[in-house]
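*Asks:* Predicted model, plus sequence, below.
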Amino acid sequence: MATLNEEQMGEIACALRDGDCCFLWVVRTTEDCKLPKYFVKNSEKGLIVPWCPQLQVLAHEAVGCFVTHCRWNSTIEALSLGVPIVAIPQWTDQTTKAKYIMDVLKMGLRAPADE
């Protein structure tokens, strides 16, 4: 129910392309059309997949942080494994979870809107 628009997908794609970090980005097949045409899906720096075993990925020692919209299961999995979170809440209780992650648990940051 919570999906990113084309502009938001483009911003994330630019950040991943221009950043210095390796990444794994799960983009549903139904959302694939929102990726910018210039964005290389699979490169030395990153990989875009339609699905992944999230718990296994989060448990891997190479994971430095987890960017999430803060659904409950994803949040609990990352917190229980000690993975720092970059929260990008979209609606309902996700903003509350993002605030809790940042201000109470001190396990991550909330990405400021429009920045």
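*Replies:* Structure received.

*Asks:* where do the strands sit along the chain?
*Replies:* 23-26, 46-49, 66-68, 85-87, 108-110 (DSSP state E).

*Asks:* For the second one, give the mean pLDDT please.
*Replies:* Right, the one you point to is strand 46-49. Averaged across strand 46-49, the pLDDT comes to 94.

*Asks:* Turn the strands of the chain into CSV, columns for mean neighbour count and distance to residue 6.
*Replies:* Where you see a C-beta, it was placed from the backbone N, CA and C, and this is true even at glycine. Listed next are the strands of the chain as CSV, based on neighbours: other Cβ atoms under 10 Å; distance: least, Cβ to Cβ, whole Å:
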stretch, mean neighbour count, distance to residue 6
strand 23-26, 15, 15
strand 46-49, 16, 15
strand 66-68, 20, 18
strand 85-87, 21, 21
strand 108-110, 18, 23
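
*Asks:* Compare these and give me the one nearest residue 36.
*Replies:* strand 46-49 (11.7 Å; Cβ to Cβ).

*Asks:* For that closest one, what is the distance to the chain centroid?
*Replies:* Distance, stretch centre to chain centre, for strand 46-49: 12 Å (Cα atoms, centre = their mean, to the nearest Å).

*Asks:* Give me the contacts around it.
*Replies:* 16, 22, 23, 24, 25, 26, 27, 35, 41, 42 (Cβ atoms under 8 Å, 6 or more residues apart in numbering).
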